[in-house]
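K.L.:
the sequence isn't on hand, but the structure is:
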């Protein structure tokens, strides 16, 4: 039994879908979330820059005494997971491994699609992991950078969102995938429209939910679940408070935000 | 006559439309551009964070010996122009003043629309400036956060872009504006579709072009134009090299990028 909190970080608000799933699965675990909202998004930045940010995010969480670090951001997992695992003194869990496992379980025809940010797709992290586990698997991967802003606009049922998705989904339909990995922690909010457009024959793999399942399994195996009977605390740290943040965050988290604090990770420039 | 270069900064690639206009108007001026691509975008960040970034960007340009600083970013102009004017030892020109002047010249019915990022619109910088100059003017201002990602996707003639614009333009049509200020340096790339949707009775104010006009006037008045006969140099500094950057930047700049260098403005975190 380990009463220390779990640490979770993301570039912005998307990772709150992971927090939500973690809390639903393990209501007695205390959660500390860091959203790097001053530098969001990570999805269009280079691997070097994302690694630097991920190190700073993890260092902050460690300073809060967390028992494990959950990288609730596909881009940061793609670029920085291995570095963090080498460097951090606690277990580090990303969103890709659980998503890959879930996709392998879901597919029947071995044709799997992946949508995510430019950074996640270009890194080929999902593609490599899926191919390593199931040689011969057919993959269609496409960067879908418009989805995050559409979700943040809350246009979840809008004609424009449908037009964007129709365009993005064309390749996946042509390829006949039976499984689509939502490789971005924002995307679970689009599941209703994706399900409507793709129909019941395509399984959607929600990387937020699968990550939470994976974390629970890992803590169980390590005997590190809290296990206390009482409901635990969710604490949110941000590097900036963007306009409409609270409204947006509460949609992602599906509950009221109480403990929010703004912190700084950067020192002033030295010129 | 002043042979020193002009300094221009923006959060990312959008400000290259200002560089393009400056170069077209004043081909003998050397231009130094800083795009803070490691922290792009500024449009969804708080005023305090944008001011901090704008100070760091300006400090970098000053270290390169510029004769003036052009804030080629509407969000940074809205939040940081006054601070920079107080603090910097060279003239500072933003994109808002020129846009306001151009809108006042363009409107006949005194109904003016403004589209921009969340930060620019929430700051009310355009609204305040227009109202101060023309009391009684009717203003419709709306944040249009999906336009930057659509432009960066290069979906300039796409059905999804049209669906997004139809939604965003509804209020402006209902209000009968005869002038629309494009208060974001990305937006000039959408002028063809905007013109098609709004028709010839609505004037589009391009803040990149009007800013360049304004800079030329200011340099002329101060006797600070370069005036040399030879074509001058354009030098681009970035804080990160995002995926597809070169392709995207060349569309904004309308020429090949030659001198690009990656620089760091931040020191590592101190935890």
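P.N.:
Perfect, thanks for sending it. Quantities reported herein were computed from a predicted structural model and do not represent experimental measurements.

K.L.:
helices and strands of chain A: which one bottoms out on pLDDT?
P.N.:
Ranked by mean pLDDT, DSSP states H and E, the weakest helix or strand in chain A is helix A:245-253, scoring a mean of 85.

K.L.:
could you list the low-pLDDT ranges of the stretch 101-250 of chain A?
P.N.:
Where the stretch 101-250 of chain A drops to pLDDT under 70, the residues are A:229, A:242-243.

K.L.:
and after the least confident helix or strand of chain A, which helix or strand comes next?
P.N.:
Using DSSP states H and E, the helix or strand that follows helix A:245-253 in sequence is strand A:259-262.

K.L.:
and the least confident helix or strand of chain A, how far out from the chain middle?
P.N.:
The chain centroid and the centroid of helix A:245-253 are separated by 15 Å, computed with Cα atoms, centre = their mean, to the nearest Å.

K.L.:
next, the buried residues of that helix.
P.N.:
Buried residues in helix A:245-253, counted by 16 or more other Cβ atoms under 10 Å in any protein chain shown: A:245, A:248, A:249, A:251, A:252, A:253. Every residue, glycine included, has its C-beta placed from N, CA and C.

K.L.:
equivalent analysis for stretch A:138-145, please.
P.N.:
For stretch A:138-145, using 16+ other Cβ under 10 Å, the buried residues are A:138, A:139, A:140, A:141, A:143, A:144, A:145.

K.L.:
near chain B too, which of the residues you listed?
P.N.:
With Cβ under 8 Å from any Cβ of the partner chain as the criterion, the subset of those in contact with chain B comprises residue A:145.

K.L.:
list the contacts of residue A:108.
P.N.:
When contacts are counted by Cβ atoms under 8 Å, 6 or more residues apart in numbering or on different chains, residue A:108 is found next to residue A:178.

K.L.:
and the least confident helix or strand of chain A, what other elements does it pack with?
P.N.:
The elements that helix A:245-253 packs onto, with contact taken as 3 or more Cβ pairs under 8 Å, 6 or more residues apart in numbering or on different chains; DSSP states H and E, are helix A:16-25, strand A:234-238.

K.L.:
now what about stretch A:117-136, what contacts it?
P.N.:
Residues external to stretch A:117-136 that are found in contact with it (Cβ under 8 Å, 6+ apart): A:41-45, A:47, A:50, A:74-75, A:77-79, A:96-97, A:99-100, A:103-104, A:110, A:112, A:114-116, A:137, A:139, A:141-145, A:148, A:181, A:183-184, B:242-244.

K.L.:
narrow those residues to those in strands?
P.N.:
Among the contacts of stretch A:117-136, the residues falling in strands (DSSP state E) are A:112, A:114, A:115, A:116, A:139, A:141, A:142, A:143, A:181, A:183.

K.L.:
count of residues packed around residue A:180?
P.N.:
As a burial measure, the neighbour count of residue A:180 was computed by other Cβ atoms under 10 Å in any protein chain shown and equals 23.

K.L.:
residue A:165 versus that one, what's the distance?
P.N.:
Using Cβ to Cβ, to the nearest Å, one obtains 11 Å as the distance from residue A:180 to residue A:165.

K.L.:
mutual contacts of those two, please.
P.N.:
Any residue near both residue A:180 and residue A:165 by Cβ under 8 Å, 6+ apart counts here, and that gives residue A:194.

K.L.:
any residues touching stretch A:148-157, and which ones?
P.N.:
Residues from elsewhere that reach stretch A:148-157 (Cβ under 8 Å, 6+ apart): A:13-14, A:41, A:43, A:117, A:158, A:160-161, A:164, A:184, A:186-187, A:189-190, A:192-193, A:248, A:251, B:44, B:145-146, B:148-149.

K.L.:
burial of residue A:231, as a residue count?
P.N.:
Taking other Cβ under 10 Å as the definition, residue A:231 ends up with a neighbour count of 10.

K.L.:
excluding chain neighbours, what is closest to it?
P.N.:
The shortest distance from residue A:231 to any residue other than its chain neighbours is 5.6 Å, reached at residue A:27 (Cβ to Cβ, 6 or more residues apart in numbering or on different chains).

K.L.:
from residue A:255, how far off is that neighbour?
P.N.:
To residue A:255, residue A:27 is 12 Å away according to Cβ to Cβ.

K.L.:
same question, residue A:228
P.N.:
Distance from residue A:228 to residue A:255, by Cβ to Cβ: 20 Å.

K.L.:
the stretch 151-271 of chain A: strands as residue ranges?
P.N.:
A:179-183, A:203-206, A:234-238, A:259-262 (DSSP state E, counting those that start in this stretch).

K.L.:
so which of those strands is nearest residue A:33?
P.N.:
When the strands of the stretch 151-271 of chain A are ranked by distance to residue A:33, counting by Cβ to Cβ, first place goes to strand A:234-238 at 4.8 Å.

K.L.:
what strands flank the closest one, and is each parallel or antiparallel?
P.N.:
With DSSP bridges as the test, strand A:234-238 is paired with strand A:31-35 (parallel), strand A:259-262 (parallel).

K.L.:
rank these by pLDDT, which is bottom?
P.N.:
Lowest mean pLDDT within those: strand A:259-262, a mean of 87.

K.L.:
just the residues contacting that one, thanks.
P.N.:
Strand A:259-262 is contacted by residues A:233, A:234, A:235, A:236, A:237, A:238, A:239, A:240, A:241, A:246 when judged by Cβ under 8 Å, 6+ apart.

K.L.:
number of nearby residues for residue A:106?
P.N.:
Neighbourhood size, residue A:106 [other Cβ under 10 Å]: 17.

K.L.:
could you do residue A:62 as well?
P.N.:
Look at residue A:62: counted by other Cβ under 10 Å, it has 15 neighbours.

K.L.:
ok, now which ones touch it?
P.N.:
Residues in contact with residue A:62, defined by Cβ under 8 Å, 6+ apart, are A:7, A:69, A:88, A:89, A:90.

K.L.:
hmm, which of the contacts of strand A:259-262 are the buried ones?
P.N.:
Burial by neighbour count, 16+ other Cβ under 10 Å: within the contacts of strand A:259-262 this picks out A:234, A:235, A:236, A:237, A:238, A:239, A:240, A:241.
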